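>>> Here's my sequence, what's the structure:
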Amino acid sequence: MKKIYIAGCGGMLGEAFYKQFKQDYTLKCSDIDVNEEWLEYLDFRNFDEYREQVMKFKPDYLFHLGAYTDLEFCELNQDDTYRTNTLAVENAVLLANELDIPLLYISTAGIFDGKKEFYDDWDDPNPIGCYARSKYAGELYVRENARRYLVCRAGWMMGAGPRKDKKFIQKLMKQIKDGKRELHIVNDKDGTPTYTHDFARNVKLLISKEYWGLYNMVCEGQTSRLEIATELVRQLKMEGVIRITEVTSDYFKKEYFAERPASERLVNKKLNLRGLGIMRDWKVALQEYLGDYYSGYLS
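Reported below is the predicted structural model:
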């Protein structure tokens, strides 16, 4: 079996990659947070340590997954953010080129300014805020310097359940579990959910076909924070129990002070034109996610 070194594999996306790839590839997975038995410690910001581990394993592919994704943290810790989200990516490119192997980098819908309703693979990014700038700088470095690469742009991520999901679905589920019966949901933010397992499966397909390059990779179906919350409550069969109150982003301005685009909607134009898009509708993916990871959670 071919070998993959996966750096930054301890989060919600890394969990899906491990599960989707472990049967068909020999994996070596690392993270700064060793929260699984299949993880080894690595701070990929340390180039010498990163190089030592990768060269010892001699992988056929290098997957660089980890990043700071908390926008408020990034605004308050900008130097650390650039070290983690940008310079560490340069480390990965140098290693992949040295071994002459393909590199996978995860980019984000957040690199767009939100002035368009939706964005395809060929729209020009215009990042706002430290998080978006740091991720786009990493994307650009990969595209300009890696010999062979996959850059896959994700949307609003969901996956891994209560233990690792720090995003929108888990935040809502925790509020419901804690007894809240009114959810305040913004009505001015649009985007596209991305189920981690669908994402990992589609990456696996591209790897097998050796279609390198840049791809938007989100679940099908354009939506909004408000619609996602409404669908979540419907799938939980709690329409008569949970009340959704629409608010603008100003309602959460103190807690979520980092600027966010009004629209982060991606279209998988390139994937679908190639006939390689296997991302499911976000409502279908959400139903599977809740069934696989949240069974009994609200009991």
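
>>> Name the single longest helix found in the protein.
What stands out as the longest helix in the chain, according to DSSP state H, is helix 130-145.

>>> Now do the buried residues in it.
Buried residues in helix 130-145, counted by 16 or more other C-beta atoms under 10 Å: 130-142. Every C-beta, even on glycine, is put in place using the N, C-alpha and C of the backbone.

>>> could I get those residues as a markdown table with pLDDT?
Formatted as a markdown table, these follow (pLDDT from 0 to 100):
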| residue | pLDDT |
| --- | --- |
| 130 | 98 |
| 131 | 98 |
| 132 | 98 |
| 133 | 98 |
| 134 | 98 |
| 135 | 98 |
| 136 | 98 |
| 137 | 98 |
| 138 | 98 |
| 139 | 98 |
| 140 | 98 |
| 141 | 98 |
| 142 | 98 |
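
>>> one step back: for the longest helix of the chain, report the contacting residues that lie outside it.
For helix 130-145, the external contacting residues (C-beta atoms under 8 Å, 6 or more residues apart in numbering) are 67-71, 74-75, 78, 81-82, 84-86, 89-90, 92-93, 97, 103, 105, 107-108, 110-111, 125, 127, 149, 151, 214, 258.

>>> helices or strands up against the helix or strand just after it?
Following helix 130-145 in sequence order, the next helix or strand is strand 149-154 (DSSP states H and E). For strand 149-154, the contact count by 3 or more C-beta pairs under 8 Å, 6 or more residues apart in numbering; DSSP states H and E identifies strand 103-108, helix 130-145, helix 196-209, strand 213-216 as packing neighbours.

>>> Can you give the distance from the next helix-or-strand element following strand 149-154 to the centre of its chain?
Remark: after strand 149-154, the chain's next helix or strand is strand 156-158, criterion DSSP H and E. Distance, stretch centre to chain centre, for strand 156-158: 6 Å (C-alpha atoms, centre = their mean, to the nearest Å).

>>> pretty sure residue 166 is touching residue 13, no?
No: under the criterion of C-beta atoms under 8 Å, residue 166 makes no contact with residue 13, lying 11.5 Å away.

>>> which of these two has more neighbours?
residue 13 (27 against 12; other C-beta atoms under 10 Å).

>>> Please, which helix or strand holds the more buried one?
Short version, using DSSP H and E: residue 13 is in helix 12-21.

>>> and the following helix or strand past that helix, what does it pack onto?
Counting by DSSP H and E, the next helix or strand C-terminal to helix 12-21 is strand 26-31. Other elements packing on strand 26-31 under the criterion 3+ C-beta pairs under 8 Å, 6+ apart are strand 3-7, helix 12-21, strand 39-41, helix 47-57.
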